[in-house]
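>>> Build me a model from this:
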Amino acid sequence: MSRVVPLAAGPGRLADLLAARSEANARFFAAEAERLARLCHLMAERFARDGQLIAFGRSPAARSDARHVAVEFVHPVIVGKRALPAVGLAGEGGPLAAQVELLARPDDIAMAFGADEDGGERAEAIAVARRRGCLTIAFATAGAEWEFLPPVGDADIAQELVETLYHVLWELVHVFFEHRGLLRGRTERRVHDAGASSFLYPFLDEREDQLEPVLQDVRRSVLAKAAEIEELRAQTLTDNAEVLRAAADALRAGFDRGGKLLALGNGGSATDAMDVVADFHRAGRPAIDLTEDPAILTAIANDIGIDAIFSRQVIAHGGPADALIALSTSGNSANVIAALAEARRRGLVTVAMVGYDGGRVAAEGLADHVVVTRSEHIPRIQEAQAGAYHTLRALVG
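Numbers count the residues shown, from 1 in each chain. The predicted model follows:
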């Protein structure tokens, strides 16, 4: 029997979802910009002393965030930003506190994700990290030195705010490496002026400066990034309103026929696919994360090639009542395109969320429903896409 979905896909429903996000985003970052700037400085000091970021979370959504922040620090996608050591820990490795006990060192940074359902374990892991001398950060009450509590009761919106926050930390912690003399325990090392190329190679021009002016520059950058995502989220949900409503109708019809949802993406988008599946499971909808199993991914990549890592799984799992959601910041990833093509051959409903101008996915109409986030800034694209897939799930019911 079909579910009743109140206010499922009307324009008023979308407007309400967007307004709630905009209000929470503006309020949260206005309140926290100063603290975030100072935290960036403290994190840079830890990294400069060879510390690592240890992110952890128990619940499916928290695990996706822990893995997301780790991949951003280890694999920076912005030219000129150095790779910084980070690891994401989740429940499959055992109790979180035990894992932190094994890995944490005094100069490390511990970052805890999760909500009330795993609060006790989160607090225990934070306590272990504090005893080890780590700088501790959390996004719910956990006994961390730095806690950022989103001012909203909606779990989806809270998670979107936290994603923007840790992207901002990742982007702006690098500012302080350009001012090496401001990092406690390090001495200034003046080198030649990088001139016009300094934006590409900022570490060629490390210089000392006064801390407070730099902190205020970083604070203003936090506010600018918060304003940028607010505008981009509005563009994504407004320009793609009809696409989201149509996609929600198609997914709901498939679920009502006994179908399931498959989700995929690369890198940070892979962790967003984890979150998509967690969200649909929480709503009682069957879903499979095609990025989940490293044995399957590495077997296919090794034996066939990276372009087939998702399409082979679509062959294994996809049926005519099913749907596929693909997340890509570029819209050009070969393995995403191959999976969409295979899904179409098998009769699946296909939904793609893409950035930039939509890439090949949008230009060639490679998915039934294409949501385009019009930006070239990868962190902001991913943040806006989180708002889009959370909204999609809300519309499906």
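>>> Which parts of this structure are helices?
Listed in chain order, the helices of the chain (DSSP state H) span 11-48, 60-74, 96-103, 119-131, 155-173, 211-239, 241-256, 268-282, 294-303, 311-317, 334-345, 359-363, 378-396.
>>> so which of those gets nearest Glu145?
helix 119-131 (7.4 Å; Cβ to Cβ). Where C-beta positions appear, they are placed from N, C-alpha and C, glycine not excepted.
>>> Export the helices of the chain as CSV, with columns for distance to Ala142 and mean neighbour count.
Shown next, in CSV, are the helices of the chain (distance: least, Cβ to Cβ, whole Å; neighbours: other Cβ atoms under 10 Å):
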stretch, distance to Ala142, mean neighbour count
helix 11-48, 16, 18
helix 60-74, 11, 24
helix 96-103, 11, 18
helix 119-131, 5, 20
helix 155-173, 13, 23
helix 211-239, 22, 18
helix 241-256, 34, 20
helix 268-282, 20, 24
helix 294-303, 29, 13
helix 311-317, 36, 19
helix 334-345, 36, 21
helix 359-363, 39, 19
helix 378-396, 22, 25
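>>> Of all these, which one comes closest to Phe113?
Here helix 60-74 is closest among those (Cβ to Cβ), at 3.9 Å.
>>> mind putting the helices of the chain in CSV, distance to Ile325 and mean pLDDT included?
As requested, the helices of the chain are exported to CSV (distance: least, Cβ to Cβ, whole Å; pLDDT from 0 to 100):
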stretch, distance to Ile325, mean pLDDT
helix 11-48, 18, 95
helix 60-74, 14, 96
helix 96-103, 29, 97
helix 119-131, 29, 93
helix 155-173, 16, 97
helix 211-239, 15, 96
helix 241-256, 8, 98
helix 268-282, 6, 97
helix 294-303, 18, 98
helix 311-317, 12, 98
helix 334-345, 10, 98
helix 359-363, 12, 98
helix 378-396, 7, 97
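>>> okay, now Arg82: neighbour count?
11 (other Cβ atoms under 10 Å).
>>> related to what we said a few turns ago, pipe the helices of the chain into a markdown table and attach distance to Val371 per row.
Shown next, in a markdown table, are the helices of the chain (distance: least, Cβ to Cβ, whole Å):
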| stretch | distance to Val371 |
| --- | --- |
| helix 11-48 | 13 |
| helix 60-74 | 19 |
| helix 96-103 | 34 |
| helix 119-131 | 33 |
| helix 155-173 | 15 |
| helix 211-239 | 7 |
| helix 241-256 | 6 |
| helix 268-282 | 13 |
| helix 294-303 | 25 |
| helix 311-317 | 20 |
| helix 334-345 | 13 |
| helix 359-363 | 9 |
| helix 378-396 | 5 |
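>>> domains of this protein?
Following automatic domain parsing, the chain resolves into domains at 26-227, 240-396.
>>> about what we covered before: the helices of the chain: which one's closest to Val370?
helix 359-363 (5.0 Å).
>>> Identify all contacting residues around that closest one.
326, 328, 330-332, 336-337, 340, 352, 354, 357, 366-367, 370, 372 (Cβ atoms under 8 Å, 6 or more residues apart in numbering).
>>> again, 7 Å this time
Ser328, Ser330, Gly331, Asn332, Ile337, Leu340, Ala352, Val354, Leu366, Ala367, Val370, Val372 (Cβ atoms under 7 Å, 6 or more residues apart in numbering).
>>> From Arg130, how far out is the fifth one?
Yep, that's Ile337 we're talking about. Per Cβ to Cβ, to the nearest Å, Ile337 is found 46 Å from Arg130.
>>> before we move on, what about the last one?
In this view, Val372 and Arg130 are 44 Å apart by Cβ to Cβ.
>>> re earlier: adding distance to Asp16, write the domains of the chain out as a markdown table.
Converted to a markdown table, the domains of the chain look like this (distance: least, Cβ to Cβ, whole Å):
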| stretch | distance to Asp16 |
| --- | --- |
| domain 26-227 | 11 |
| domain 240-396 | 10 |
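>>> Can you check which of these gets nearest to Ala15?
The nearest among the domains of the chain, by Cβ to Cβ, is domain 240-396 at 8.9 Å.
>>> End to end on that closest one, go ahead and measure it.
End-to-end distance of domain 240-396 (Cα to Cα, to the nearest Å): 15 Å.
>>> For Pro85, give me its contacts.
Taking Cβ under 7 Å, 6+ apart, we find Pro85 in contact with Gln52, Leu53.
>>> so what's it scoring on pLDDT?
If you check Pro85, the pLDDT there is 97.
>>> about what we covered before: please identify which of the domains of the chain is closest to Leu14.
When the domains of the chain are compared by Cβ to Cβ, domain 240-396 sits nearest Leu14, at 5.3 Å.
>>> Could you find the closest non-adjacent residue to Ala241?
Closest residue to Ala241 apart from its sequence neighbours, by Cβ to Cβ, 6 or more residues apart in numbering: Leu14 at 5.3 Å.
>>> I'd say Arg257 and Ala321 touch.
Yes - using Cβ atoms under 7 Å, Arg257 is in contact with Ala321, at 4.2 Å.
>>> For those two, indicate the residue with more neighbours.
Taking other Cβ under 10 Å, Arg257 and Ala321 do not tie; Ala321 has more neighbours (16 against 12).
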